[in-house]
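A.B. asks: Predicted model follows, preceded by the sequence.
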Amino acid sequence: MYICSLRSQIEALDPYTPGLSIDEIRQKYGLTSIIKMASNENPLGTSPLVQEAIARHAGDVFRYPRGGNPRLIEALANHHGVSRNSLVVGNGSDEIIDLLIRILADPDKHTIVCSNPCFALYPIQSRIAGVPLRRTQLKEDFSFDFEGLLSSVDEKTRLVFLTTPDNPSGFCPEREHVLQFAKDISKKNDHCLLLIDEAYMDFAPDEKAASLLAGHCMPDNVGIMRTFSKSFGLAGLRLGYAVLPETLANAFWRARLPFSVNILAEEAGLAALTDTAFREATLETVRTERARLFEELRALGCTVWPSAANYLLFALPKGMGSAEDCFTTLLQAGIIIRLLKSYSLPSHIRVSIGNTQENTAFLRAMRSYLSR
Ligand SMILES: *Cc1c(COP(=O)(O)O)cnc(C)c1O
């Protein structure tokens with residue numbers, strides 16, 4: 001008889017908990033209209049040019065994609081003004097995170113450093129790889145403890161994760177502080193990569209001022225990840241990319257599964273890069289609606305943290321119910337928001353910035369919850 005014996009890292013694993021899906025909630029509560037504000041998806045949906053490109057290439061899916069996704073790499077190199085040799089693409093940033101951990105860190109010899117709380121995938125994939133993790137608490141206001149992170153870096157550290165703007169808080173550090181941090185890491189250990197996840201950077205009030213990629217000031221020990229899942233609206237197709245030191249990018253291509261970026265994702269990515277009107281409208285919607293939600297939630301007595309991303313972190317006014325209760329009440333009204341228990345933040349809530357009608361419906365539901 002087969003006895004399924006797992007690696008100890010897998011036995012003990014708590015999997016990633018995604019936001020609830022619309023289908024799940026529709027079935028559970030018998031609702032017809034559902035608003036999802038739980039996974040930071042694009043508030044305007046899918047670009048029409050992307051939809052045309054997918055339809056146009058539907059007949060090509062019997063083919064394998066071309067190795068190395070050269071057209072997408074070329075388009076991204078032009079988009080960001082960086083060398084093709086420094087670019088990699090993957091099946092979402094998730095694949096890039098997972099693969100860089102396995103490329104850079106040997107489970108028996110190395111460590112990885114990140115904040116606590118942080119995007120759940122960094123610790124989960126580090127654990128699966130068996131690489132020990134050293135975590136530094138965020139400060140009370142959710143800003144980064146750069147000194148604490150730096151003190152966790154030693155000669156064994158191969159990778160430091162930083163998310164700017166951060167998830168789930170939306171905190172965005174000044175670029176000078178990030179540059180100094182990169183310099184400090186390199187002084188301590190020149191085998192250590194600072195991997196900056198800029199998944200939400202284009203939503204920042206001033207992307208050029210905040211981003212190392214957009215500002216063209218990447219030190220040689222820095223890698224930057226970006227994604228098509230958020231401002232480009234392709235979360236369901238799985239497409240992410242990174243700008244890396246060239247030697248590392250080369251190793252990435254050698255280790256990546258040959259066809260992890262599929263034909264439709266590649267065509268959709270190319271189309272998304274050309275649809276500047278859709279992208280501008282997305283950024284405009286997020287910036288305007290973020291300011292409105294921020295003000296209105298504050299006016300309702302909530303504590304709201306300033307956010308440079310397409311979501312807001314907030315806490316209910318004292319004595320006005322629990323995050324869990326608020327979550328369930330909104331769910332019954334057909335609105336999905338995100339609890340943060342898996343980030344060890346049981347009394348906080350994260351809400352994605354929706355379109356104008358969605359945000360209005362969310363605020364109406366919050367007003368009604370808080371005046372019950
Ligand atoms: C959403 C998100 C991503 C994007 O992941 P994909 O795999 O590209 O969908 C990456 N990093 C963070 C912090 C995110 O919140």
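C.D. replies: Nice, thanks for sending it over. Residues are numbered from 1 along each chain as shown.

A.B. asks: Just the pLDDT for Pro245.
C.D. replies: At Pro245, the predicted lDDT confidence score is 98.

A.B. asks: For the stretch 51-200 of the chain, which residue gets nearest to the ligand?
C.D. replies: Gly92 (2.6 Å; C-beta to the nearest ligand atom). All C-beta atoms are positioned from the backbone trio N, CA, C, and that covers glycine.

A.B. asks: ok, the spatially most central residue of the chain - contacts?
C.D. replies: The geometric centre of the chain, computed from its C-alpha atoms, lies nearest to Ala199 (C-alpha atoms, centre = their mean), at 4.7 Å. Contacts for Ala199 (C-beta atoms under 8 Å, 6 or more residues apart in numbering) come out as 93, 163, 167, 225-227, 229-230.

A.B. asks: returning to what we had before: so what's the residue count around the residue of the stretch 51-200 of the chain closest to the ligand?
C.D. replies: Using other C-beta atoms under 10 Å, Gly92 has 23 neighbouring residues.

A.B. asks: How about the backbone phi and psi for the nearest residue to it once chain neighbours are set aside?
C.D. replies: Nearest non-adjacent residue to Gly92, counting by C-beta to C-beta, 6 or more residues apart in numbering: Arg238, 4.2 Å away. With angles defined as degrees, to the nearest 10, Arg238 sits at phi 70, psi 90.

A.B. asks: ok, Arg238 touching Ala265?
C.D. replies: Yes: under the criterion of C-beta atoms under 8 Å, Arg238 makes contact with Ala265 at 6.1 Å.

A.B. asks: what do these two both touch?
C.D. replies: Asn91.

A.B. asks: Have a look at the two and say which one is more surrounded.
C.D. replies: Ala265 (24 against 19).

A.B. asks: Could you give the backbone dihedrals for that one?
C.D. replies: According to degrees, to the nearest 10, Ala265 has phi -60, psi -40.

A.B. asks: Name the residues of the stretch 151-300 of the chain found near the ligand, please.
C.D. replies: When proximity is defined as C-beta under 6 Å from any ligand atom, the stretch 151-300 of the chain approaches the ligand at 163, 167, 197, 199, 227, 229, 235, 240.

A.B. asks: Serialize those to JSON lines and add fields for pLDDT and secondary structure.
C.D. replies: Output for these, formatted as JSON lines (pLDDT from 0 to 100; DSSP: H, G, I helix; E, B strand; the rest coil):
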{"residue": "Thr163", "pLDDT": "98", "secondary structure": "strand"}
{"residue": "Asn167", "pLDDT": "97", "secondary structure": "coil"}
{"residue": "Asp197", "pLDDT": "98", "secondary structure": "strand"}
{"residue": "Ala199", "pLDDT": "98", "secondary structure": "coil"}
{"residue": "Thr227", "pLDDT": "98", "secondary structure": "strand"}
{"residue": "Ser229", "pLDDT": "98", "secondary structure": "coil"}
{"residue": "Ala235", "pLDDT": "98", "secondary structure": "helix"}
{"residue": "Gly240", "pLDDT": "98", "secondary structure": "strand"}
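
A.B. asks: Among those residues, which one has the most neighbours?
C.D. replies: Most surrounded of those: other C-beta under 10 Å gives Asp197, at 27 neighbours.

A.B. asks: Quick check: closest non-adjacent residue to that residue.
C.D. replies: Thr163 is the one closest to Asp197 (C-beta to C-beta, 6+ apart), at 4.4 Å.

A.B. asks: Likewise for Cys114?
C.D. replies: Phe161 (4.1 Å).

A.B. asks: quick revisit: isn't the residue of the stretch 51-200 of the chain closest to the ligand right up against Thr227?
C.D. replies: Yes: assessed by C-beta under 8 Å, Gly92 is found in contact with Thr227 at 6.8 Å.

A.B. asks: Need the overlap of contacts for these two.
C.D. replies: With C-beta under 8 Å, 6+ apart, Gly92 and Thr227 have common neighbours 239-240.

A.B. asks: re earlier: per-residue pLDDT, the residue nearest to Cys114?
C.D. replies: If you check Phe161, the pLDDT there is 98.

A.B. asks: And for the one 3 residues further on?
C.D. replies: What the model reports as pLDDT for Thr164 is 98.

A.B. asks: what about it, distance to Met225?
C.D. replies: Computed with C-beta to C-beta, to the nearest Å, the distance linking Thr164 and Met225 is 11 Å.

A.B. asks: next one: Glu289
C.D. replies: For Glu289, the distance to Met225 - C-beta to C-beta - is 25 Å.

A.B. asks: try Pro43
C.D. replies: Using C-beta to C-beta, Pro43 is found at 22 Å from Met225.

A.B. asks: which stretches of this protein form helices?
C.D. replies: Taking DSSP state H as the test, the helices found in the chain are 8-11, 22-29, 48-56, 70-80, 92-104, 121-129, 146-152, 175-188, 207-210, 246-255, 263-274, 276-299, 323-332, 356-370.

A.B. asks: averaging pLDDT over each of those, which comes out lowest?
C.D. replies: For the helices of the chain, mean pLDDT drops lowest on helix 22-29, to a mean of 85.
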